[in-house]
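A.B. asks: Pasting a predicted model and its sequence here:
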Amino acid sequence: MVQEKNDGINKEAILPPVQQNRPALSWDLKIKKKLKAVPSCLGKFRPFVGKCCHQCTPDSLHTNLGKISPLGFHNLLSVNETHTRYRGWLVRRVCCLLFVSGCKVYASPVSNRLERVCQSSSVKEGLASEHKAPEGGDGQEKLNRLLPYLPLIKTCICPAHLRFIGWVMLKMFASIFGCIEVNLNHLLALHRVSQEGTPLVYVYVRQSIIDCALIPLVLFCHNLQVPYTVCPYRINSSFLRSVLQKVGVVLLPPSALTEQDAEMDSLYSSVMTSLVHELLHEGQAISVGVSVKSGQGGQWLACIRQLIKKESVPNVSLVPVGISYDYMPKTNIQVGLTSVLQWLWSLLWRRPRGSVRIHFAQPFSLKEMCESGRCRIDEWLPLQDLLLPVILNNRTNSVFGQRRMSWLLPSSRYGSELIQERDLSVAIILHLIFSATSCMAVMSTSLVSSLLLHKHRKGVSASVLCRDVAWLTEELLLRSKDVGFGGTLVEVVHYSVSLLAPHLVIAALPSREDPFIIPCPALATTLHLNLHAQIVTHTFILEAVGACAVSAMLCEVAISGVSSRARSDGLDGEEVRGDMEFDVVLCQNELTERALQLCHLLPPGFVPPCQSSQSFALDAIDSLVRCGILIIEEIPRDVPICDFWKKEGALTWFASDDPYNSDSDCEEQDLHSYKISQPSHCPEMLFFLCSMLAGHLRTLCWTITGLERMDAPLPVLEFVAQIHSHLCDTANRKKQHYESCSEEAAHTAVRTLIDLGVLSEEPQEEGDFLGVSALFQLSENRQKLHRFISQYLYN
């Protein structure tokens, strides 16, 4: 790490313990003493995460990679006198204040920014598009109409305000979290790129309002340029707005209740487009958060791409940022001065809990990604073109292509844009969402939540949980996924259980050898565990897709009655009855087809957009072979494999410069089949992987059954609210599967059904309305769709 004054930070760049002030273990004595610790590689060898995409940006990969030397981690909240230039008793009391005063602050000139913004073409177009705009107004009239946006344009970074807010944030976060760990591996690359003069754009996936504050604080404490942060939350207090706007926070206009309302304002979009251009032209850094559910925030990335295409800005370096929490504090997005003061006062009487892990990925050139042509969008097709022929017409072969997700950009601003240009912007947004999610560390609470939700829903003993945590940690490290914890196995599990304690029932009886841990059968518990477990699902997405494809084929075999041993009657995937035998041969082509069809139904962020769907499906099946679930069996051939002559007796020759043909084209492709391995743990592992996607698939099935109640088109928000209510009613009636009835799940399911053509959007004067399309008003077609999706549910 580069530090101009505070060299002492490097001395603490080691992996900290799981928690500094860990409470005394109350049940660890009952766990077997011979349990092994978390693998030693956690402390010595860690995966190098956050590399550039070797396919889309190979030049940035080789330029910024440099010499890989692990630098460890830095706890941002551990500030002492070694971080200052002074020593002594008094310095130890005010070391945080001295540290903040010694950090470097980059000035932000705003001398004539207002004039440049007013004269920009985008603002002129926005003023002309208003219905109330008079013809040929003078400069004063334009300024009056821009008056609500003047504070937004005058947003700046004041050094004095920034130092004070930085000190307040360090004290505030010290009351919330036990530690905030920063991966130092890519900070050297950030320093090098910033010194070259290329503006940096930090992109993260929205999880909490705290995300907006963490990235500027980390950069400020490491002497990097503090970015202008686009804040998507509404701030009510005028005092807070004035303070935040002096530290580079770009707020929503006071008249907008939500971010979507602000985007519908053409003048706000025009002002923001011009402001982004001016900030990049000044060499300022920008921080943008993207919502996976709605794509909100991605419009500013599309705006930056357009500026580069028009050569208004030479180039920018994109930096995906992965932020991981093992304890998510509750925050109120409707921020007011009174609520903030009450929240700060409550922090004085609470004990810090949890930790945060922040990974800055390797910066890459946006210009290289756009102009090289490596980011391919040629095969993008609507979802209904990919799946409806299979669902309704019982086609055996899928249509090759990738799902188009144009809804990630607001149609109000980009409706007139060419489809190819729009798809390229969406591809960049998807790529950044995937990159930011991929470099997130898996926290210990995520491991425990995933095991309790997907493997031990009916409860598990502490010793078995420790064994599974060690196994799952090894699997994550084998997949080059970093973890955000360290220490002995007992400490890691105890720390995770203590954070999840409000959602667990822990029974420690004298008659039991070790405690028994059961997740509470409640909506809040399931949603909380599912939120933490999503990062584990993202890591095992290949195996999960492959497992669901295997489950679909086994279900078809069981229904056809070919093998009564393929699946036990009534098996729900939560327990395995004895040693089950899967004496079934699975065809490679059909298994790959099932995986290909399923990957089209995944939410955004799971499949990398630079990888074709066919390649993803093949990797999903290969991943099951690598983890030992499937065994390859070659089908015997009539012709020996060494005989390259075709049956006609002659070879077919091709031109030597044809890149699509080779000598191997004259031989037939080897045919493979798969059998499920017979070890006793294999069915349990298969059901564990299937359960990771069961929540999303079950939401789709329940949503389809709820369409029967939708008689007339409804406004989008009201339609989603009714679907959400139906999901909650279904889960309450079944008293299980509460992870399928979250509000985010309802939004994702509705969006998937719109892309499938099941729901049709009808624009009206009051806004967009949603209704069931004519094709799926027939119950027969809805049943076909329900049957298609439910085949991937293992229970």
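C.D. replies: Cool, got the structure. Numbering: from 1, shown residues only.

A.B. asks: secondary structure element for the residue nearest to residue 305 when sequence neighbours are not counted?
C.D. replies: In space, and not counting its chain neighbours, residue 305 is closest to residue 425: 5.6 Å by C-beta to C-beta, 6 or more residues apart in numbering. In this view, the C-beta of every residue, glycine as well, is placed from N, C-alpha and C. Assigned by DSSP states H and E, residue 425 belongs to helix 419-438.

A.B. asks: Please tell me how far that helix is from the chain's geometric centre.
C.D. replies: Centroid separation between helix 419-438 and its chain, computed with C-alpha atoms, centre = their mean, to the nearest Å, is 12 Å.

A.B. asks: One more: stretch 722-731?
C.D. replies: 25 Å.

A.B. asks: With only the CA atoms kept, save that stretch in CSV.
C.D. replies: Taking C-alpha atoms only, stretch 722-731 is exported to CSV below (Å, rounded to 0.1, in the frame of the first residue of the first chain):
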residue,chain,number,x,y,z
GLN,A,722,-50.8,-8.4,-5.2
ILE,A,723,-48.3,-11.0,-6.4
HIS,A,724,-46.2,-10.4,-3.2
SER,A,725,-49.4,-10.8,-1.1
HIS,A,726,-50.2,-14.1,-2.9
LEU,A,727,-46.7,-15.4,-2.3
CYS,A,728,-46.9,-14.6,1.4
ASP,A,729,-50.3,-16.2,1.7
THR,A,730,-49.1,-19.4,0.0
ALA,A,731,-46.0,-19.6,2.2
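
A.B. asks: Buried residues of that stretch, list them for me.
C.D. replies: Using 16 or more other C-beta atoms under 10 Å as the test for burial, stretch 722-731 gives 722-724, 726-728, 730-731.

A.B. asks: This protein - how does it break down into domains?
C.D. replies: Following automatic domain parsing, one finds the domains of the chain at 60-79+98-129+140-326+338-371, 448-524, 695-790.

A.B. asks: Among those domains, which comes closest to residue 420?
C.D. replies: Nearest of the domains of the chain to residue 420, taken as C-beta to C-beta: domain 60-79+98-129+140-326+338-371 at 12.0 Å.

A.B. asks: For the closest one, what does the pLDDT average out to?
C.D. replies: Mean per-residue pLDDT for domain 60-79+98-129+140-326+338-371: 86.

A.B. asks: Okay, buried residues for the strand or helix carrying residue 549 please.
C.D. replies: Per DSSP H and E: residue 549 is located in helix 541-560. Buried residues in helix 541-560, counted by 16+ other C-beta under 10 Å: 541-555, 557-558.

A.B. asks: roughly how far out does that helix sit from the chain middle?
C.D. replies: Distance, centroid of helix 541-560 to centroid of chain: 25 Å (C-alpha atoms, centre = their mean).

A.B. asks: avg pLDDT for it?
C.D. replies: The average pLDDT within helix 541-560 is 88.

A.B. asks: ok so, going back, would you mind giving the buried residues of stretch 722-731 as a markdown table with secondary structure, pLDDT and distance to residue 126 added?
C.D. replies: Shown next, in a markdown table, are the buried residues of stretch 722-731 (DSSP: H, G, I helix; E, B strand; the rest coil; pLDDT from 0 to 100; distance: C-beta to C-beta, whole Å):
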| residue | secondary structure | pLDDT | distance to residue 126 |
| --- | --- | --- | --- |
| 722 | helix | 94 | 36 |
| 723 | helix | 95 | 35 |
| 724 | helix | 94 | 35 |
| 726 | helix | 95 | 40 |
| 727 | helix | 95 | 40 |
| 728 | helix | 94 | 41 |
| 730 | helix | 94 | 45 |
| 731 | helix | 93 | 45 |
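
A.B. asks: re the thing from before, figure out which of the domains of the chain is closest to residue 435.
C.D. replies: Closest to residue 435 of the domains of the chain, according to C-beta to C-beta: domain 60-79+98-129+140-326+338-371, at 3.9 Å.

A.B. asks: pretty sure residue 309 contacts residue 367?
C.D. replies: No - applying C-beta atoms under 8 Å as the test, residue 309 and residue 367 come out as separate, 9.1 Å apart.

A.B. asks: Of those two, give the one with the bigger neighbour count.
C.D. replies: residue 367 (20 against 15; other C-beta atoms under 10 Å).

A.B. asks: doesn't residue 317 make contact with that one?
C.D. replies: No - with contact defined as C-beta under 8 Å, residue 367 does not count as touching residue 317 (9.5 Å).

A.B. asks: List the buried residues of stretch 81-93.
C.D. replies: In stretch 81-93, the ones that count as buried by 16+ other C-beta under 10 Å are 81-84, 91.

A.B. asks: Look up how far residue 72 lies from the nearest residue to residue 290 once chain neighbours are set aside.
C.D. replies: Among residues not flanking residue 290 along the chain, residue 297 sits closest, at 4.3 Å (C-beta to C-beta, 6+ apart). According to C-beta to C-beta, to the nearest Å, residue 297 and residue 72 sit 31 Å apart.

A.B. asks: Leaving out the residues flanking it, which one is nearest to residue 741?
C.D. replies: residue 727 (3.7 Å).

A.B. asks: Then residue 126?
C.D. replies: Using C-beta to C-beta, 6+ apart, the closest residue to residue 126 is residue 270 (2.8 Å).

A.B. asks: Fine, thanks again, bye for now.
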